[in-house]
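> Need coordinates for the below:
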Amino acid sequence: MAIKRIWHGWTTRDNADKYQSVLLNEVIPGIEAKQITGFRKIEVLRKDNGEEIEFVTIMTFDSLQNVKDFQGEDYTRCYVPDVAQAVLKRWDQHSTHYDAIDTRDF
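This is a model prediction of the structure:
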């Protein structure tokens, strides 16, 4: 059973494209470069909330142990590098983890 690690971050309208670029071109490649055992993929969602733009990341791992290999024993703490913090307005301090019980592709 896979584990889904879900995190939210918000930025201003002015910084949204900059954050998206940082996320896609620096943060995610940095995570992939760690070659974390059991890390399968990351999904990125974006939503315009008027004054703020919300981003959601959903990381998929094979097991909770793989998440701990990524973040350590305090595995719920967020992973937000300084380069991303510089353009975010606010963000979840902790990620939420779910068991993926069905992941059908249609």
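
> Poorly predicted segments of the chain, please.
Residue ranges of the chain with pLDDT under 70: none are present.

> Give the residue farthest from the middle of this structure.
What lies farthest from the middle of the chain is Phe106; by Cα atoms, centre = their mean that is 24.0 Å.

> Quick check: that one vs Gln65, distance?
Taking Cβ to Cβ, to the nearest Å as the measure, Phe106 falls 30 Å from Gln65. Quick note: C-beta positions are derived from backbone N, CA and C, even for glycine.

> May I have the strands that pair with the helix or strand hosting Ile58, each with its orientation?
Ile58 is part of strand 52-61, with elements assigned from DSSP states H and E. Strands adjacent to strand 52-61 in the sheet, as given by DSSP bridges, are strand 2-12 (antiparallel), strand 39-48 (antiparallel).

> Return the most buried member of these.
Comparing the strands paired with strand 52-61 by mean neighbour count (mean count of other Cβ atoms under 10 Å), strand 2-12 ranks first with a mean of 19.

> What are the contacting residues of that one?
19, 40, 49, 51-64, 66-67, 78-80, 84, 87-92, 95-100, 103 (Cβ atoms under 8 Å, 6 or more residues apart in numbering).
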